[in-house]
Every structure is written in C-alpha cells, then in structure tokens.
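# got a predicted structure here, sequence first:
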Amino acid sequence: MENNIFQLQYAMDTFYFLVCGALVMWMAAGFAMLEAGLVRSKNTTEILTKNVALFSISCIMYLVCGYSIMYGGDIFLSGIQDVDVTATLGEFAGREDGFEGGSIYSGASDFFFQVVFVATAMSIVSGAVAERMKLWAFLAFAVAMTAVIYPLEGSWTWGGNAVFGMYNLGDLGFSDFAGSGIVHMAGASAALAGVLLLGARKGKYGANGQVNAIPGANLPLATLGTFILWMGWFGFNGGSVLKLGDINSANAVAMVFLNTNAAAAGGAVAALITARLLFGKADLTMLLNGALAGLVAITAEPSTPSALQATLFGAIGGVLVVFSIITLDKLRIDDPVGAISVHGVVGLLGLLLVPVTNSDVSFTGQLIGAATIFVWVFGASLVVWSILKAVMGIRVSEEEEYEGVDLAECGMEAYPEFSNK
C-alpha cells in the first residue's frame, strides 16, 4: 500500500512539474507575440527569429554547462540522476502526511522546469534591444548569458552556494520564491547593459528633452502576447511550489494560482488608471505592461500574501511601471517594449515586498541579494557586450535601421504586402 501511494505521489509531482514547465515554455510564445506587436512592422521577422533562436540556444547551453554550474553534476555526459526510489520509499514509510518536504519527482522533469526559466530571462533582453541590434551579436550574447551569467547567479540563490565563497544569500535572509530577482531582474540587468552600449533608436529622442513616440505595428498581437504570458505565469509561479502530491502542497499551489491572477489584475487596472490620470487617455501599452508588472511583483512570494495583499502588491507594480517607463525615457534609455521597467524595476519591488508577508525574510537580506544579482549580471553583461561591440559590432548601420532589420538581417519581411516605412 505504501509503495503504491509513493508511486502515485512520484507520478503526480513529476507530471505537475512537466505541465508547469510546458506552461512556462509557452511564455516564449508570449514574449515573441508581445515584442512582435510592439516593434515596427519592418522589424518583425528579426524579433521572431531572435525569440525562437534564443530559446533553442538557452536549452542547449543550459544542458551543456548551465545546469551543472547552477546545481552541480555533469548532466551533459552522464545524464540526470533520478530519485533513489528504494531509499526514498524507506523514508516515506509510515508517514501519514505523505513525503512532505521531500523531492520525489523525476530529475529530468526538474531540468526541464529549470531550463525554461533560463529562456525566460534571455527573452527579457530581446525586447529591450529591439530594432537596432545585430542578430548574431545578440545570439552570441545569449550563449554567454545562458551558459554562465545566469547559472552562476542562480547557483548563489536557488543553488545554495556562497557568493564567490564569501557569503550565502540564504543565510542572510534572502528569499525569491519564483524569480522576481533571480530571473526577471537578472534579465533586465543584462538588457540595461546592452541598451546603454547600444544607444537609442534613430528619431526616438529630439532636442530639448523631447521624446518621440514610436508606435508598435500590431497591438492585437501585443495583447495576445500579454494573455499568453499571463497564462504561462501560472506554471512559472505554481511550478515553483515544486510538488503537488500532498494536502499542504496542493493548498499552496491553489493559493499561488489565486495570488498570481489577482496581482496581474491589480497591476493592469492600476496602470490603466495611472495612464488615464497622466495622459488623459486609456493607454493600451501601459495596461499591458501593468498586467505584466503585477505578475513580476508577486513572483518573489506568491504563497504567503492574502488575495487582497496580492492585488495591492500588483497594483503598486502597475503604478510603478508607468512612472518607470516615463523616467527611463527622460533619461534617454530607449526600451521599445518597457522590459527594463517591467522586469527590472518591478522585479526589485517584488523582492522588497517579500518581508511584508514572510517573517522569515529580512529587508537587509533582500537588498543584499538584489544588489548581488544586479552587480554580477549587469557587470558581466557589460563586459560581454563590450567585447562583442569591439569584435563584431552590436548595432546595425543607420541605413539598415531605416530600411528595417528584417531585410538587413533576415532577407525577408513579415508583411510583404504592405509598405514597411
């Protein structure tokens, strides 16, 4: 009987992990659609190419060395070791609560769940550098980001390793449940380094601090992308519970789903109202980014807040992202999709909100953890981007930017029936 229960729980936890991983993988489609909708039509094919290619590169590089750096073990050659069923069953025997607190899922399912997180971090970079970066320079950076930069900071947080042998973030009271800092702020930090070296798009900023709007080509596509990301986020946060096969875990999963949805809704409404007050109009792009900001804000701790608190946390993120996008434009930091604001600024907010509902976490620990992630990812990314700029260049020519990077980089147009100017 105990053996049957154990096998059922193992199967449930493994299947749950795989389904959540598939939901997170579906977020790649969300990023692709969102970014394709928010860039001009002449840059659509290239942004789609980047999103498919970066996901593929992320999967390969994390398999080759990223997972080993983050969690240890040579999985590329030796494979992933699954649970020792005999030993685990002995520990499981006689427990009325099931194997609560243990990890009884397939090791392969764990890798699959982790690798789609890596791709998510890299997808954040894609939108921020859109419309003027060379495709192959971006893909070269994707190799470095997913093979070393992200896995190393992941080893200091989820991997439990000391930061360069000096201090352990967990011991300092740092916690990031599903990755507001580890995934989202890390991706935004890498994006910021690239954007600073890359410069703004031609015509984005004029004299005397003037900011010129460059509308996206397909807002229905951007809206679809946002809903896909919203849906995928249930796997992103829900899967981070790590298991489903006991009562407490099942209740935790339900609460995480509830809070994730509530935060997104709060962020969307708050951003819409803020845009109306500031601009006098209902700004769809701010509404979309508000929903994403709410999701990022709750990602660091979706299990301990009440539904009301989650809604308020998301609303704070929705308001903050509007002001952040405006501020970055004033600073002439050109981010076509608002990725740095959504994932970076609000990612930091998410980390700082954790101690409000989780008494085991300290503000000091969160600040140290956030600083560690930012300094490492931003610094390492700046070095890699600088090397790429010196060796192969990272920006297309002014003529290629005017004609569109679709033709310059891919030799085809996404909408050949229409003028792309």
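That came in fine, so what should we check first?
# flag every buried residue along the helix or strand harbouring A188.
Element membership for A188, per DSSP states H and E: helix 186-198. The neighbour-count check on helix 186-198 (16 or more other CB atoms under 10 Å) flags A186, G187, A188, S189, A190, A191, L192, A193, G194, V195, L197, L198 as buried. For the C-beta atoms, the positions are set from N, CA and C on the backbone; glycine is no exception.
# what's the answer for stretch 263-283, then?
263-275, 283.
# what residue ranges in this protein score low on pLDDT?
When residues are selected by pLDDT under 70, those of the chain lie in 1-2, 74-104, 419-421.
# hmm, try it at 90
For the chain, the stretches with pLDDT under 90 are 1-13, 72-110, 165, 206-209, 242-249, 416-421.
# scan it for its longest helix.
Counting by DSSP state H, the longest helix found in the chain is helix 2-38.
# re the thing from before, dump the buried residues of helix 186-198 to CSV, plus distance to F313.
Output for the buried residues of helix 186-198, formatted as CSV (distance: CB to CB, whole Å):
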residue, distance to F313
A186, 20
G187, 20
A188, 18
S189, 22
A190, 25
A191, 23
L192, 23
A193, 28
G194, 29
V195, 27
L197, 33
L198, 32
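# which one of the residues you listed sits closest to A22?
The closest of these to A22 turns out to be G187 (CB to CB; 20.6 Å).
# apart from its neighbours in sequence, what residue is nearest the closest one?
Closest residue to G187 apart from its sequence neighbours, by CB to CB, 6 or more residues apart in numbering: I124 at 3.1 Å.
# what do you get for A307?
A262 (5.0 Å).
# hmm, who's touching stretch 249-262?
Applying CB atoms under 8 Å, 6 or more residues apart in numbering, the external contacts of stretch 249-262 come out as 16, 100, 230, 233-234, 237-238, 240-244, 295, 298-299, 302-303, 305, 307, 310-311, 314.
# list buried members of these by neighbour count.
Buried members of these, counted by 16+ other CB under 10 Å: 16, 230, 233-234, 237-238, 240-244, 295, 298-299, 302-303, 305, 310-311, 314.
# among the residues you listed, which lie within helices?
Those of the buried ones among the contacts of stretch 249-262 lying in helices (DSSP H): Y16, W230, W233, F234, N237, G238, L295, I298, T299, A310, T311, G314.
# farthest-apart pair in those residues, please.
Farthest pair in these, by CB to CB: Y16 and T311, 25.8 Å.
# and stretch 136-155, what's buried?
For stretch 136-155, using 16+ other CB under 10 Å, the buried residues are 137-138, 140-155.
# err, stretch 243-252, not the other one
K243, L244, G245, D246, S249, A252.
# make a markdown table from these and add distance to M166 to it.
Below are the buried residues of stretch 243-252 laid out as a markdown table (distance: CB to CB, whole Å):
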| residue | distance to M166 |
| --- | --- |
| K243 | 32 |
| L244 | 37 |
| G245 | 38 |
| D246 | 37 |
| S249 | 34 |
| A252 | 33 |
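# which of those residues lies closest to A414?
L244 (40.3 Å).
# mind listing residues that contact the helix holding A188?
Contacts of helix 186-198 (CB under 8 Å, 6+ apart): 120-125, 127-129, 132-133, 141, 145, 149-150, 153, 333-335, 339-340, 342-345, 347, 373-374, 377-379, 381-382, 385-386, 389, 394-395.
# mind saving the C-alpha coords of that helix as PDB?
Backbone C-alpha positions of helix 186-198 (Å, rounded to 0.1, in the frame of the first residue of the first chain) are rendered in PDB as follows:
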ATOM      1  CA  ALA A 186      18.600  39.400 -13.900                       C
ATOM      2  CA  GLY A 187      17.200  39.600 -17.500                       C
ATOM      3  CA  ALA A 188      16.600  43.300 -17.100                       C
ATOM      4  CA  SER A 189      20.100  43.900 -15.800                       C
ATOM      5  CA  ALA A 190      21.600  42.200 -18.800                       C
ATOM      6  CA  ALA A 191      19.200  44.200 -21.100                       C
ATOM      7  CA  LEU A 192      20.200  47.500 -19.400                       C
ATOM      8  CA  ALA A 193      23.900  46.900 -20.000                       C
ATOM      9  CA  GLY A 194      23.200  46.200 -23.700                       C
ATOM     10  CA  VAL A 195      20.900  49.200 -24.100                       C
ATOM     11  CA  LEU A 196      23.500  51.600 -22.600                       C
ATOM     12  CA  LEU A 197      26.100  50.500 -25.100                       C
ATOM     13  CA  LEU A 198      23.700  50.200 -28.000                       C
END
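# off-centre distance for that helix?
Centroid separation between helix 186-198 and its chain, computed with CA atoms, centre = their mean, to the nearest Å, is 14 Å.
# where along the stretch 201-350 of the chain do the helices fall?
For the stretch 201-350 of the chain, applying DSSP state H, counting those that start in this stretch gives helices covering 219-238, 247-279, 284-299, 307-330, 339, 346-357.
# look up phi and psi at A178.
Dihedral pair for A178: phi -130, psi 0, per degrees, to the nearest 10.
# could you measure from the closest residue to it other than its chain neighbours over to E398?
Closest residue to A178 apart from its sequence neighbours, by CB to CB, 6+ apart: S240 at 3.9 Å. Distance, S240 to E398, by CB to CB, to the nearest Å: 44 Å.
# V296 too?
From V296 to E398 the distance is 34 Å (CB to CB).
# compare those two (neighbour count), which wins?
V296 (33 against 10; other CB atoms under 10 Å).
# thought that one was touching G318?
No: using CB atoms under 8 Å, V296 makes no contact with G318, being 10.4 Å away.
# so for the longest helix of the chain, what gets flagged as buried?
Those would be 5-6, 9-10, 12-14, 16-21, 23-25, 27-38, for helix 2-38 by 16+ other CB under 10 Å.
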